[in-house]
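Participant: Any chance you could fold what I've pasted below:
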Amino acid sequence: VRRLRTMKHPYLLKCIEAGEQLDQKGGGTIYVVTEPVQPLEDVLDGLRESPGSIAWGIYTLAAAIKFLNIDCNIVHGQVCIASLFVDKGMDWKLGGFELLVEASAADGAYFATAKEILPKRYQSPEIMRGQLDALARIPVAADWWALGCTVFEVFCGTIRSVSDLKNSSAMPGVLQEDFKRMLQSNPSARLRPAELLGNPLFEEEYVSLQLFLETLNVKDAVEKDRFFSKLAERVPNLPKQAAQYKVLPALNNSLEYGGGSARALEPLLKIASVLSEDEYQEQVVPTVIKLFANTDRQMRIPLLERLPGMVAHLSAKVINDSIFQHVSMGFVDTSAILREMTVKAVVPLAPKLNARTMQLVMRAFAKLQLDEEAAIRTNTTICLGKIASHIDAPTREKVLLSSQRAAALSRTPDLRASLTHLTTD
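Facilitator: Okay, here's the model as predicted:
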């Protein structure tokens, strides 16, 4: 238990708390609290429909065993399907740490215990036959055999007898040679997990995506932009849970804290489009609020462009209390493009603006109707007509009459043409 609390690796089941609850009879219950997961067995059939998810799972399993066996010099002792779990993002986690032991302590007594606990179909020949001397020099090789058996079951189904291992036709061809090497009778000759990680199976696009996500914060801006552009195209093909609980949090984190560019908005909003309203409020709206506070024009312009698609998910309170104050900065920005886009953004926002906020809009529009850019003066008048129904009656009459007068006297043809919006909308 002490080891589990201190041993951290992204592909190992995370132990949050553990202890023993004693009862009045001198016995007790040992409890372990982990991150939220479910057994791999419960979802494996569904995952098989997504080859990329399976390839990623095998990769993380091999990486977890490499970490234990090589980096920590620890024997897991119980590598099998039952020791594997999946989190909300469908990442595999290796658990089943009951037999975890330092390799130097993995003696005959240890493997005798392992023989009683580990299902026979995962036991290496030397454990099954009691020839434990063969494991004396390299005890972690027992895990490598079990890894091979686990990989077999992922692709080919439950092992009923040792002879089943000879029929690996359901396994990807690029993996079969490495699979045979994991099941070498000589423990020293078995394929190491580090070698398995180099298999071409893991060149699969989904695996590459996951590996990039895990190092996203250390990538440079060019690499991130290239990745985000491709990710937007890949989103529709991602498993929903992976997109929602693995990709989306990574995008949120990158945009909020990791210097992610506006190109991350597109994949984020594509994922958001398949969320329930409660999920959208919890996982997307907080990030959107923070992004509107960003003063970088490269972020603000794409946000304003996509605002119409987000308004339905933004409450009136969020818009009036948290977002509008940042949007309104665009009314006086030195960039004509940003001023114009801010004016247009008022149209989808208008139905949710309260009277106080609408008064701020009217003051801004009054100044923008005198803007040096003719296009901004024209669009301000057009937008004013479009939001007129959301302005209180006394103010609406006063503002529209003033705008009509200004448009009628203007020398700009487009501005005079905008009168139709003030009189008919």
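
Participant: any idea how far the closest residue to Pro51 other than its chain neighbours is from Leu175?
Facilitator: Closest residue in space to Pro51, ignoring its immediate chain neighbours: Glu204 at 7.0 Å, by C-beta to C-beta, 6 or more residues apart in numbering. Quick note: C-beta positions are derived from backbone N, CA and C, even for glycine. Taking C-beta to C-beta, to the nearest Å as the measure, Glu204 falls 11 Å from Leu175.

Participant: Test my guess that Glu256 contacts Val288.
Facilitator: No - checked against C-beta atoms under 8 Å, the pair Glu256 and Val288 is beyond contact range at 10.4 Å.

Participant: okay, those two: which has more neighbours?
Facilitator: More crowded of Glu256 and Val288, by other C-beta atoms under 10 Å: Val288, with 24 against 14.

Participant: got the contact list for the more buried one?
Facilitator: Leu303, Met310, Leu314, Ile323 (C-beta atoms under 8 Å, 6 or more residues apart in numbering).

Participant: let's see 6 Å
Facilitator: Listed by C-beta atoms under 6 Å, 6 or more residues apart in numbering, Val288 has no contact partners.

Participant: Next: Asn69.
Facilitator: Val140, Asp143.

Participant: Next one: it, what pLDDT does it get?
Facilitator: As predicted, Asn69 sits at a pLDDT of 97.

Participant: One more: the one 10 residues further on?
Facilitator: The confidence metric pLDDT takes the value 98 at Val79.

Participant: Tell me the spacing between Pro125 and Phe85.
Facilitator: To Phe85, Pro125 is 28 Å away according to C-beta to C-beta.

Participant: Who has more neighbours out of those two?
Facilitator: Phe85 (22 against 15).

Participant: isn't there a strand covering the more buried one?
Facilitator: Yes - with DSSP: H, G, I helix; E, B strand; the rest coil as the criterion, Phe85 is located in a strand.

Participant: In the stretch 251-400 of the chain, where is pLDDT below threshold?
Facilitator: 258-259, 400 (pLDDT under 70).

Participant: what's the neighbour count on Arg190?
Facilitator: Arg190, neighbours per other C-beta under 10 Å, totals 23.

Participant: hang on, it packs against Trp144?
Facilitator: Yes - using C-beta atoms under 6 Å, Arg190 is in contact with Trp144, at 4.4 Å.

Participant: tell me, what's touching these two both at once?
Facilitator: Residues touching both Arg190 and Trp144 (C-beta under 6 Å, 6+ apart) are Met182.

Participant: okay, the nearest residue to Pro200 once chain neighbours are set aside: pLDDT?
Facilitator: Residue nearest to Pro200 in three dimensions, not counting chain neighbours: Val174, with 4.5 Å by C-beta to C-beta, 6+ apart. Val174 is assigned a predicted lDDT (pLDDT) of 97.

Participant: Which residues does the helix or strand where Val174 lies contact?
Facilitator: Element membership for Val174, per DSSP states H and E: helix 173-182. Applying C-beta under 6 Å, 6+ apart, the contact partners of helix 173-182 are Trp144, Leu147, Gly148, Ser168, Arg190, Leu191, Leu196, Asn199, Pro200, Leu201.

Participant: The residue nearest to Pro51 contacts Trp56, doesn't it?
Facilitator: No - Glu204 is beyond contact range of Trp56, at 7.7 Å (criterion: C-beta under 6 Å).

Participant: Those two: which has the busier surroundings?
Facilitator: Set Glu204 next to Trp56 and count neighbours by other C-beta under 10 Å: Trp56 wins out with 25 against 19.

Participant: For the more buried one, give me its contacts.
Facilitator: Tyr206, Val207, Gln210.

Participant: Give me the subset of those lying in helices.
Facilitator: Tyr206, Val207, Gln210 (DSSP state H).

Participant: May I ask which of the residues you listed has the most neighbours?
Facilitator: Among the ones in helices among the contacts of Trp56, Gln210 has the most neighbours (other C-beta under 10 Å), with 23 neighbours.

Participant: Excluding chain neighbours, give the residue nearest to that one in space.
Facilitator: Trp56 (5.3 Å).

Participant: mind checking how far the one you found is from Asp91?
Facilitator: Trp56 is 8 Å from Asp91, where distance means C-beta to C-beta.

Participant: what's the answer for Ile74, then?
Facilitator: For Ile74 relative to Asp91 (C-beta to C-beta), the value is 21 Å.

Participant: more crowded one of the two?
Facilitator: Ile74 (24 against 21).

Participant: who's in contact with that one?
Facilitator: Ile74 neighbours (C-beta under 6 Å, 6+ apart): Leu68.

Participant: phi, psi of it?
Facilitator: phi -120, psi 140 (degrees, to the nearest 10).

Participant: so what's it bridging to?
Facilitator: Glu102 (DSSP bridges).
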